[in-house]
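> sequence first, predicted model second:
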Amino acid sequence: MEYAEVLFYIAEITLVLSYSVTRMILLRFMACAADIGYIAAALLIGLDEAGMKPTFIFAVVAFLVNAVHIYRLLKMRLPATIPAQLQEVYRRKFAGLSPREFLHLTGIAESRYARNEIIIEENSMCDVFLALNGELAVTRRGNRLASLPALSIAGEVSALTRSESLASVATIGNVKLYRWTAECCDKLGKSHPELALKFQKILLGEMRQKMHLQNLAQFAAIA
């Protein structure tokens with residue numbers, strides 16, 4: 001068996017095995033290794049042989065794409081210092097992210113203050129908000145449903161389901177907010193898919209926690 005054929009087999013096996021890997025960075029490394037195998041095999045056989053030039057070009061392009069993603073993933077793992085004013089936010093809400101991932105996520109969010117302002121309209125599409133301080137009021141059809149304390153996330157259900165909000169949310173007093181728009185989340189999914197998935201898990205956890213507290217409140221009312 002020729003060396004080129006062995007390289008093709010190794011590249012194929014490596015690429016297939018990469019599909020079973022759950023860690024994105026390991027998947028990308030294995031895909032790069034497979035691409036290198038294809039490139040080397042194509043060069044050994046000769047680009048003038050039938051099918052080798054397209055194979056070589058495809059492998060080079062795939063290698064470059066995977067290399068860019070590896071760079072982005074490794075960059076997110078570099079050490080970073082979280083500002084003192086955000087350390088509590090990170091510890092309580094975003095501890096599943098690396099410090100650099102957290103800084104990137106907060107860096108792409110819109111930061112502003114809202115005084116007694118409706119930030120989410122009932123029966124409307126909405127963005128994701130994080131209240132860094134103060135309190136949020138949740139209402140439906142003009143009736144007060146709940147109050148959300150500082151470091152609460154609002155709009156996560158609408159963001160996850162891509163549906164209209166079931167309730168309105170307003171700030172009580174002057175509240176500093178982080179806001180992630182739908183466009184912002186879409187761009188994050190394209191540029192940093194692994195971070196986007198982690199952000200979705202955080203939103204899902206927030207939704208589960210609220211549902212749990214709501215069920216407890218309903219049970220207490222019945223009891």
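Thanks, I have the structure now.
> how about the nearest residue to the residue sitting nearest the centre point of the chain, chain neighbours excluded?
Residue closest to the average C-alpha location in the chain (CA atoms, centre = their mean): residue 196, at 1.1 Å. Among residues not flanking residue 196 along the chain, residue 189 sits closest, at 4.1 Å (CB to CB, 6 or more residues apart in numbering). For every residue, glycine as well, the C-beta is placed using N, CA and C.
> tell me the SS of the residue nearest to the centre of the chain?
helix (DSSP: H, G, I helix; E, B strand; the rest coil).
> which sections of the protein are below the confidence cut-off?
1, 216-217, 219-223 (pLDDT under 70).
> residue ranges of each domain in it, please.
3-75, 84-222 (automatic domain parsing).
> just checking, the residue nearest to the centre of the chain touches residue 184?
No: at 10.4 Å, residue 196 does not count as touching residue 184 under the criterion of CB atoms under 8 Å.
> count of residues packed around residue 137?
17 (other CB atoms under 10 Å).
> helix or strand: which one has the nearest residue to it once chain neighbours are set aside?
Nearest residue to residue 137, sequence neighbours excluded (CB to CB, 6+ apart): residue 170, at 5.0 Å. Per DSSP states H and E: residue 170 is located in strand 168-172.
> partner strands of that strand and their direction?
With DSSP bridges as the test, strand 168-172 is paired with strand 118-120 (antiparallel), strand 135-140 (antiparallel).
> report the separation between the residue nearest to residue 196 and residue 117.
28 Å (CB to CB, to the nearest Å).
> residue 156 too?
With CB to CB as the criterion, residue 156 and residue 117 are 19 Å apart.
> so which of those two has more stuff around it?
Under the criterion of other CB under 10 Å, the comparison of residue 156 against residue 117 puts residue 156 first, with 23 against 14.
> and the strands in this protein?
110-115, 118-120, 128-131, 135-140, 143-148, 153-154, 168-172, 174-180 (DSSP state E).
> which other helices and strands contact the third one?
Read that as strand 128-131. Using 3 or more CB pairs under 8 Å, 6 or more residues apart in numbering; DSSP states H and E, the elements in contact with strand 128-131 are strand 153-154, strand 174-180.
> what's the answer for the shortest one, then?
With contacts defined as 3+ CB pairs under 8 Å, 6+ apart, strand 153-154 has these neighbours: strand 128-131, helix 193-222.
> one more pass at 7 Å, please.
Other helices and strands packing on strand 153-154, by 3 or more CB pairs under 7 Å, 6 or more residues apart in numbering; DSSP states H and E, are strand 128-131.
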